[in-house]
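Q: here you go, sequence then predicted model.
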2 protein chains.
Amino acid sequence: MEIGSGPLSRYHPQPSSQVHKVAMPPKQNVLTEFQTVIKEIFFPDEPFRAFRGQRSHTRFYLVLQAIFPILEWARSYNLQKFKGDLIAGLTIASLCVPQDIAYARLAHLEPQYGLYSSFVPPLIYAFMGSSRDIAIGPVAVVSLLIGTMVQNEIDPSNKLAYRRLVFTATFFAGVTQFALGLFRLGFLIDFLSHAAIVGFMAGAAITIGLQQLKGLLGITNFTKNTDIISVMHSVVGTVHHGWNWQTIVIGLSFLAFLLLTKYIAKKYPKLFWVSAIAPLTSVIVATFCVYITRADKEGVAIVNRIERGINPSSAHEIYWTGDLFLKGFKIGVVAGLIALTEAIAIGRTFAAVKDYNVDGNKEMVAMGTMNIVGSMTSCYVATGSFSRSAVNFMAGCNTAVANIVMSCVVLLTLELITRLFKYTPNAVLASIIIAAVFPLVDIPAAILLWKIDKFDFLACMGAFFGVVFKSVEIGLLIAVAISFAKILLQVTRPRTSVLGRLPGTLVYRNVEQYPNATTVSGIMIIRVDSAIYFSNSNYIKERILRWLSNEEEDLKINSQPRIKYLIVEMSPVTDIDTSGIHSFEELHKTLQNRDVKLVLANPGAIVTEKLHAAEFTKKIGEDMIFLTVADAIEMLSPRIKELL
Amino acid sequence: MEIGSGPLSRYHPQPSSQVHKVAMPPKQNVLTEFQTVIKEIFFPDEPFRAFRGQRSHTRFYLVLQAIFPILEWARSYNLQKFKGDLIAGLTIASLCVPQDIAYARLAHLEPQYGLYSSFVPPLIYAFMGSSRDIAIGPVAVVSLLIGTMVQNEIDPSNKLAYRRLVFTATFFAGVTQFALGLFRLGFLIDFLSHAAIVGFMAGAAITIGLQQLKGLLGITNFTKNTDIISVMHSVVGTVHHGWNWQTIVIGLSFLAFLLLTKYIAKKYPKLFWVSAIAPLTSVIVATFCVYITRADKEGVAIVNRIERGINPSSAHEIYWTGDLFLKGFKIGVVAGLIALTEAIAIGRTFAAVKDYNVDGNKEMVAMGTMNIVGSMTSCYVATGSFSRSAVNFMAGCNTAVANIVMSCVVLLTLELITRLFKYTPNAVLASIIIAAVFPLVDIPAAILLWKIDKFDFLACMGAFFGVVFKSVEIGLLIAVAISFAKILLQVTRPRTSVLGRLPGTLVYRNVEQYPNATTVSGIMIIRVDSAIYFSNSNYIKERILRWLSNEEEDLKINSQPRIKYLIVEMSPVTDIDTSGIHSFEELHKTLQNRDVKLVLANPGAIVTEKLHAAEFTKKIGEDMIFLTVADAIEMLSPRIKELL
């Protein structure tokens, strides 16, 4: 490469083609290239960076530490941190006990299974997880998912078989999560776009809320379906003989109370603990009221019984073969992925706020292990709960010890105080669930989606209406399908734009965005805004030709000189494959037929290499490739004047 | 926007932020935006441009002309064109008659069905198609596809049921093609990458060639499987008692003759007609020899009988319900798509050479109609044949009338001379097939793939080995899967690069490609080479942070001042969605925690709009967004010096 010299070159930018030729990148052999690609796909966060140059026993310890992060942060643990974790743990425990009992009912399981799932999984997570703020346990949406999908296969009244399928599904949820993390396929989770999740969660929240009308109104005959039409039929159809006024009073009053405390917590963030202890308070007060008035004899449905004691083993209850094995696998994969999406989102959010790093793939391994072990200890799918994690954060947690504290409280509950929940009315549990899922209907987020990206909004609405009007699985399918359609669109219809020069500068920009950009007579500049692959190469070629044809039509109408040079600005073209090169050759051929010369500006490293390998540069001529559009114009303008 | 003034501004480029602010694009309402997106996806070639400003009866005529392009070119037809078409038509007819008889055997059908498929479909195509050079009829690969897939369901010895399934599949192939064209989903065909097609075709050619060993060697017991292991077993296993030496002599000698004529035609393009009439010549000579020597009594298998007469109706033979209906649907979709891929590729290639336009979606509608009608007139899936189209082109065709001429010749064959093929030995048909598929094994293309793009080469090899060692469907599946994996990779792992300034210029380029590019102390410039969507937003954020962390490590080691400003060069970022903005907000937060300022350079129109809508520009400050990297450096360098 020649370096420009002379005193004026600094102030009068020379045509850079005299100063720098378009450089060929250093040649990489196939193996290095392959290694780089694999590294970027699977290990983009360089997880082994710390391992470099270490002795082998140190490496072994580092591996152990990678699998059990507790070994790392436990060493710097102190009383100060414990204080924060203790308070946070007690706070989230008070929140999780009533929620667990409620969510287990969402999943059509007996109440103790919710408590089991707040005992073992958080313990496992504390040893293997990396997030310091996440609170582990059953969550509303996953409980709904499990409830509806397993119910489609086995009737919940057949308790043993139903439970067995739930544990099978939980096992496979864990396996899915573990495998994704182990094979570093975590990026697949990113394929559920944020917009689709917003819609899906809102739809799930509405569905869950509707389901609670059974408990809230005291209806005995209720539809199994989750869509809004069926639920409304059940509600309206039983209005004359199925509603129990005492239940309604209990349910609505405590619902009002809970929503009030939530409002207070939102307006005065320092009072977050008010909304945190509200569910437990409601349960205690409601239980007391029902006990005093013996309202259960008046038709108020109560919890009645929570099995005492710690988690029984359930490894023998999992289906290992047969039809239900496959069904459990399918349900498990779906539930596992949804559970992951929530947990990863929580982990990332709090990690960004507190500025520490959370390795997504390691989190998935931790989650997977937690659910695999959980499935063998009578737990169903647990994950991170956003509301509980927020409470955890606000209450001042420092490490995952908060989860350990919560587990201990749940243990004490299971051992000592299950009998206290005998007279707890289902209505108050229903109102706790409704209050819990209320924030999932994120209307401001939806409005923001509408303002920013209409396609995102469409994905959101599609997922929402799919869940509300059809079923959870259909809504999820719509969410995934729209996400994929967006990717397809991005890939097959990349943008191209015509460029013009901004007056007074050597900068070339899109004429649609900068209407005062000037164009040069006889030269047309088109920028291609994407890598050129088989999925879009033909479209790009045809689109360029169409730009040219339309421009030539206009020029002819205005009796202006025709286009002689077509400059393709290649800087956004990060890569090109054989189909792309093929399209370029066809473009070149067509342009030759029309007596237009093809010029390339600013091809990137990889593209330059491939164009050379395909001998395309020889075909169009090495003098037709420039470093910048400005250089090309500088060199070609004089020739235009000669030709005119 | 303020325009810079002063006599020196032209020669000393001012910091452009004084001259031009980053412009907000003109606001588009939702409906216009939606219309533009739909237009670009489905109507990128502006098919209705000609309709603008026309009266309604003219529009009606234009619509009719769009459906039947023959109405357009027939008006300018003359004797000169007919001469060319007549010669071309006769040439391709001489080529197609022996090929049709041979290909029908590939599809396990009686010979006349091949001829039927060269009679009706080309006629339909001549009325509805747009390509002037394509030659329509049965082709080897699609015949193989039909043969293997239908054989898996119904044994070919059960002639009626087998035929019925073939017609059902042909019907659905036509429906698929028609639907794709009608709903302008033609771009889906582009998802089979060129590389995968090369591998698939080569594998299919090898498979077809291996199948011909039965006819060539005169083996009676032959495997039904198509993979190379099974075929080799059959061949080797029957070596002692199954090979017929007379058959081998006939087969090999004519194969040598055909390959020789192909070589001559390649070396001396003017003698293309030699290889074009070679198959018919071989058939005539071989038939004569067998007739004279009555070699059929010596064990040489012959065609024996071709049903006389024009296509019988077969609409009643299609399965309209039941299990075979679904199977026919599945086979039809696959065969239809493969047939389309070939035809579209042929259409585009010749259109580029002769510089006329072929509307892919209109072609698909024509192909679909042709196969739908064909399925009801005893034809099986027909499409464009590359070798025949090349002969058509070299022989001087001008319009699709060449296909009409060929149809007429086939008609005459069916009516008058089917009896002449009685003594045609199968061996010569086998050698015709082998010679026909020989060019499909495109080794130079594979070598080029290796040189240009290793991933493309992998796709090619995957498809090839899948077809050869497993089955046609598996090979196709592998081809599609690898194509999709490549798109996934492009979408989830976009490139990012660190930029530096080329000495003596204001141009910033990738430091890996231009090692002498200089960097500015305290400032880091990273370019993101892709739109930022949910599929890659988290990766991009983490990658940028990793660039920063690694750089800061190096700076610390060398005791150099740390990074104060991180400039993100946004020109390749053609679009951003809510997940992308979310990631930018997280990036901004993290950088704030590290006391690094986030700066954006050259955001495009749409991105600028969305950043404003999300109030992100307010968050980082409007003075942190510049038109070019050079401007940003110009404004920020002084501040760096102050901070140091």
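A: Everything's here; your move. Numbering: from 1, shown residues only, chains lettered A, B, ... in the order given.

Q: biggest helix in chain A by residues?
A: Among the elements of chain A assigned as helix by DSSP state H, the one spanning the most residues is helix A:323-354.

Q: for that one, packing partners?
A: Helix A:323-354 makes packing contacts with helix A:140-151, helix A:159-182, helix A:360-375, strand A:383-384, helix A:386-394, helix A:472-492, helix B:578-593 when contacts are defined by 3 or more CB pairs under 8 Å, 6 or more residues apart in numbering or on different chains; DSSP states H and E. Where you see a C-beta, it was placed from the backbone N, CA and C, and this is true even at glycine.

Q: can you list the neighbours in contact with the first one?
A: What it means is helix A:140-151. The contact list for helix A:140-151 (CB atoms under 8 Å, 6 or more residues apart in numbering or on different chains) reads A:103-104, A:106-108, A:156, A:162, A:165-166, A:169, A:201, A:204-205, A:207-208, A:211, A:224, A:226, A:331, A:334-335, A:338-339, A:342, A:380-381, A:383, A:433, A:436-437, A:440, A:471-473.

Q: averaged pLDDT, it. What do you get?
A: Taken as a whole, helix A:140-151 has a mean pLDDT of 92.

Q: what separates it from the chain centre, distance-wise?
A: When C-alpha coordinates are averaged (CA atoms, centre = their mean, to the nearest Å), helix A:140-151 and its chain have centres 20 Å apart.

Q: which of the contacts of helix A:140-151 are buried, as a ChimeraX select command?
A: This is how ChimeraX selects the buried members of the contacts of helix A:140-151, with burial counted by 16 or more other CB atoms under 10 Å in any protein chain shown:
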select /A:103,104,106,107,108,156,162,165,166,169,201,204,205,207,208,211,226,331,334,335,338,339,342,380,381,383,433,436,437,440,471,472,473
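
Q: thinking again about what came up before, got the angle between the longest helix of chain A and helix B:578-593?
A: Note on geometry: by axes from the mean of the first three to the mean of the last three CA atoms, to 10 degrees, helix A:323-354 and helix B:578-593 are set 40 degrees apart in direction.

Q: excluding chain neighbours, what is closest to whichever residue of the stretch 101-250 of chain A sits closest to chain B?
A: Using CB to the nearest CB, the closest approach of the stretch 101-250 of chain A to chain B is made by residue A:193 at 3.7 Å. If the residues on either side of it in the chain are set aside, residue A:193 comes closest to residue B:534, at 3.7 Å by CB to CB, 6 or more residues apart in numbering or on different chains.

Q: which ones are touching the one you found?
A: Counting by CB under 8 Å, 6+ apart, residue B:534 touches A:190, A:191, A:192, A:193, A:194, A:195, A:483, A:486, B:577, B:578, B:579, B:580.

Q: the residue of the stretch 101-250 of chain A closest to chain B: neighbouring residues, count only.
A: As a burial measure, residue A:193 scores 29 neighbours (other CB atoms under 10 Å in any protein chain shown).

Q: now the angle between helix A:360-375 and the longest helix of chain A, please.
A: Using the same axes, to 10 degrees, one finds that helix A:323-354 and helix A:360-375 are set 130 degrees apart in direction.

Q: helix A:323-354: which residues count as buried?
A: For helix A:323-354, by 16+ other CB under 10 Å, it's A:324, A:327-329, A:331-352.

Q: pLDDT on it, on average?
A: Mean pLDDT, computed over helix A:323-354, is 88.

Q: so it versus helix A:472-492, what angle?
A: Taking the same axes, to 10 degrees, one finds helix A:323-354 and helix A:472-492 inclined to each other by 60 degrees.

Q: enumerate the residues of the stretch 51-200 of chain A near chain B.
A: The stretch 51-200 of chain A comes close to chain B at residues A:187, A:190, A:191, A:192, A:193, A:194, A:195, as judged by CB under 8 Å from any CB of the partner chain.

Q: now the element after the helix or strand containing residue A:124, going C-ward?
A: Here residue A:124 sits within helix A:120-128, counting by DSSP states H and E. Scanning forward in sequence from helix A:120-128 by DSSP H and E, the next helix or strand is strand A:136-137.

Q: can you give me how far that next one is from the chain middle?
A: With CA atoms, centre = their mean as the basis, strand A:136-137 stands 19 Å off its chain's centre.

Q: each with direction, which strands does it pair with?
A: Strands adjacent to strand A:136-137 in the sheet, as given by DSSP bridges, are strand A:383-384 (antiparallel).

Q: wait, what's in contact with the residue of the stretch 201-350 of chain A found nearest chain B?
A: As assessed by CB to the nearest CB, chain B sits closest to residue A:348 within the stretch 201-350 of chain A, at 7.3 Å. For residue A:348, the contacting residues are A:358, A:360, B:538, B:586, by CB under 8 Å, 6+ apart.

Q: just put those residues in JSON lines and tack on pLDDT.
A: Written out in JSON lines, the entries for those read as follows (pLDDT from 0 to 100):
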{"residue": "A:358", "pLDDT": "84"}
{"residue": "A:360", "pLDDT": "85"}
{"residue": "B:538", "pLDDT": "86"}
{"residue": "B:586", "pLDDT": "87"}
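
Q: for those residues, give me TSV that also has neighbour count and distance to residue A:398.
A: TSV is the format used below for the contacts of residue A:348 (neighbours: other CB atoms under 10 Å in any protein chain shown; distance: CB to CB, whole Å):
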residue	neighbour count	distance to residue A:398
A:358	20	15
A:360	22	22
B:538	23	26
B:586	20	22
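
Q: and the two most separated of those residues?
A: The distance between the two most remote of those (CB to CB) is 13.5 Å, for A:360 and B:586.

Q: residues from the stretch 251-400 of chain A in reach of chain B?
A: Counting by CB under 8 Å from any CB, the stretch 251-400 of chain A comes close to chain B at A:348, A:352, A:353, A:355, A:360.

Q: please redo it, this time with the cut-off set to 6 Å
A: Proximity of the stretch 251-400 of chain A to chain B, by CB under 6 Å from any CB of the partner chain, involves residues A:352, A:355.

Q: please enumerate the strands of the stretch 451-600 of chain A.
A: Per DSSP state E, counting those that start in this stretch, the stretch 451-600 of chain A carries strands over the ranges A:496-501, A:508-510, A:523-528, A:565-569, A:597-601.

Q: now the stretch 501-644 of chain A, which segments are flagged as low pLDDT?
A: The model of the stretch 501-644 of chain A has pLDDT under 70 over residues A:641-644.

Q: what residues does it put near chain B?
A: With CB under 6 Å from any CB as the criterion, the stretch 501-644 of chain A meets chain B at residues A:502, A:504-505, A:507, A:513-514, A:529, A:534-535, A:538, A:572, A:574, A:577-579, A:586, A:589-590, A:593, A:605, A:610, A:613-614, A:628.
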